[in-house]
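>>> coordinates for the following, if possible.
(3 chains)
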Amino acid sequence: MENTKGRKKGAWIYEEDKLLKACINKYGEGKWHLVPQRAGLNRCRKSCRLRWLNYLSPNIKRESFAEDEIDMILRLHKLLGNRWFLIAGRLPGRTSNDVKNYWHTHLLKKVVSKKEEKKDEEEKPKEKTMKMHEVIKPRPLTLSSNFGKHYFVKQQNCNVPIDCDDDTETARVPNQIANCASSNSQPSLGSIPIPCEMWSDSLWNLGEELGNEIWLMFFITRREF
DNA sequence: AATACCCACAACCGCATCTTT
DNA sequence: CAAAGATGCGGTTGTGGGTAT
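Numbers count the residues shown, from 1 in each chain, chains lettered A, B, ... in the order given. Next up, the predicted model:
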């Protein structure tokens, strides 16, 4: 199987794995555009990267998911939605592809059927303060190379509850960072900056309701593969 | 034994974001 | 500042193995 550029596609064979491993061991990870050439592989850079990250990397756990891992996936998914990379980041040895696959094959059905059950029971008046299942979607952000890469809580369409009297009074935080340590990255309500204490308090309140798991979303340091 | 179906997971693709020029 | 290239993530598809009929 080959693509339009004559690159091989489909399942990897043992020899290819060996070449890729040798290449990564020699040159390290990264510079994926150079990997096919360095390794002597007729594969595209994406394919090489995926193969390493999802299969060949020595950090990968091969055994099936443990109870606590499943529990963690369920909780984190409730908070983060389909941010598989972030969820996997909290599960040592698991890749985002592993988590995503496990979700689709094992957990999705469970969650859907549970929701169906709940739906029947509910039909109650709207929650006043916040919707517990609204997903907060953090996005990766690269700071200067000295700081490495970190993930923060914030992104477009992320509604942060702040002592609201009705449904509408939530702080719609623009696509910026809640990193109080950084002077130019203060969260805001429209153009008005939100004091860090208020921001933290809001998260703290939310954290109490969600069993403090919200804090996982603070400074989820990116794994260095 | 043959076939159909299902499940698990590896791999690909598209696109958004980041970095470099 | 814009364009081009590189990177990484999430959605989706393909495929092989196991099970049921």
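>>> quick check: domain ranges of chain A?
Listed domain ranges for chain A are A:14-56, A:67-121, A:140-221 (source: automatic domain parsing).
>>> for chain A, where's the lowest mean pLDDT among helices and strands?
strand A:170-173 (a mean of 30; mean pLDDT, DSSP states H and E).
>>> ok so, going back, quick one: which of the domains of chain A has the weakest pLDDT on average?
The stretch with the lowest mean pLDDT among the domains of chain A is domain A:140-221, at a mean of 37.
>>> quick check: residues of chain A near DNA strand B?
With the criterion set to Cβ under 7 Å from any atom of the strand, chain A comes near DNA strand B through A:3, A:8-12, A:43, A:46-47, A:50-51, A:54-55, A:64, A:97-98, A:100-102, A:104-106, A:139-142. Using the backbone N, CA and C atoms, a C-beta is placed for each residue, glycine as well.
>>> of those, keep whichever come out buried.
Taking 16 or more other Cβ atoms under 10 Å as the criterion, what is buried in the residues of chain A next to DNA strand B is A:8, A:12, A:43, A:47, A:50-51, A:97-98, A:102, A:141.
>>> among the residues you listed, name the ones in helices.
Judged by DSSP state H, helices contain the following of these: A:47, A:50-51, A:97-98, A:102.
>>> which of those sits closest to residue A:88?
Among these, residue A:98 lies closest to residue A:88 (Cβ to Cβ), at 6.9 Å.
>>> who's in contact with the closest one?
By Cβ atoms under 8 Å, 6 or more residues apart in numbering, the contact list for residue A:98 reads A:54, A:60, A:88.
>>> how about residue A:18?
Not one residue lies near residue A:18 by Cβ under 8 Å, 6+ apart.
>>> now it: how far from residue A:61?
Per Cβ to Cβ, to the nearest Å, residue A:18 is found 22 Å from residue A:61.
>>> do residue A:44 as well
With Cβ to Cβ as the criterion, residue A:44 and residue A:61 are 27 Å apart.
>>> which of the two has more neighbours?
Applying other Cβ atoms under 10 Å to residue A:44 and residue A:61 shows that residue A:44 carries more neighbours, namely 18 against 14.
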